[in-house]
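Novice: Predicted model and sequence below, questions to follow.
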Amino acid sequence: MILTPTDVLKRMKVILEDAVKDIRLEKAVTNSADYKLVKPNVNMCYVPPSNIAFGGYTVPGITVFVKSGADDLEETKLTLLIGIQTYDPGTTNERGELKYSTDGYTDILNLIDIIRVALKNNRKQLGLDIEDELKWGFFEKQMHPFWTGFIELEVRLHPIANPDLENML
């Protein structure tokens, strides 16, 4: 079966949603009294230009997108980036008072570990040929109370010889 980049993103989304289905993290809110734990939102897309607002995206979130691709006669390689975003201003007590901290990076590290294990355990089952090396870390700029990290990986595909354009668009 020939997979397109969109097919790969859809399969990656399935892996990611399953990996975090039991995880609950703090939802980004403007008032600490609205504290709530939620499952991370999983999206497949590309980060839009900064001057375009879009709805439906919430933090905590995981976004998978194609960073780049390369083709030759034998195979197609896609570089995927999984962006991970969390919110952690600190600890809120029973009275709704917030004690600020910079411990939010631990949520990113824990999600990276969970996703790494899920990718290792599911890559053959979902028909994805994922390279063994995963690159991961934090984005350079962190804007407290939001925390951002990433996993970068390569997926190998058979090249698309005769694309079915009607079903792709």
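Specialist: Nice, thanks for sending it over.
Novice: what's the span of stretch 31-40 from first residue to last?
Specialist: Counting by CA to CA, to the nearest Å, you get 19 Å between the two ends of stretch 31-40.
Novice: So for the spatially most distant residue from the centre of the chain, what pLDDT did the model give?
Specialist: Outermost residue of the chain with respect to the C-alpha centroid, by CA atoms, centre = their mean, is residue 95; its distance is 33.4 Å. Confidence at residue 95, expressed as pLDDT, is 79.
Novice: Give the phi and psi angles for it, as a check.
Specialist: Main-chain dihedrals, residue 95, degrees, to the nearest 10: phi -90, psi 0.
Novice: list the buried ones in the helix or strand where residue 84 lies?
Specialist: Assessed by DSSP states H and E, residue 84 sits inside strand 76-87. By 16 or more other CB atoms under 10 Å, the buried positions in strand 76-87 come out as 76, 78, 80, 81, 82, 83, 84, 85, 86, 87. C-betas here are computed from N, CA, C, even on glycine.
Novice: Show me which residues of the longest helix along the chain are buried.
Specialist: Looking across the chain with DSSP state H, the single longest helix is helix 105-122. Residues 107, 108, 111, 112, 114, 115, 118, 119, 122 are the ones in helix 105-122 that count as buried (16+ other CB under 10 Å).
Novice: Packing partners of whatever helix or strand comes next after the strand holding residue 84?
Specialist: Next along the chain after strand 76-87, taking DSSP H and E as the criterion, comes strand 90-92. Helices and strands touching strand 90-92, by 3 or more CB pairs under 8 Å, 6 or more residues apart in numbering; DSSP states H and E, are strand 98-100.
Novice: next one: the strand it packs on to chain centre, how far?
Specialist: When C-alpha coordinates are averaged (CA atoms, centre = their mean, to the nearest Å), strand 98-100 and its chain have centres 27 Å apart.
Novice: re the thing from before, among the buried residues of helix 105-122, show me the least confident.
Specialist: Ranked by pLDDT, the buried residues of helix 105-122 bottom out at residue 122, which has 85.
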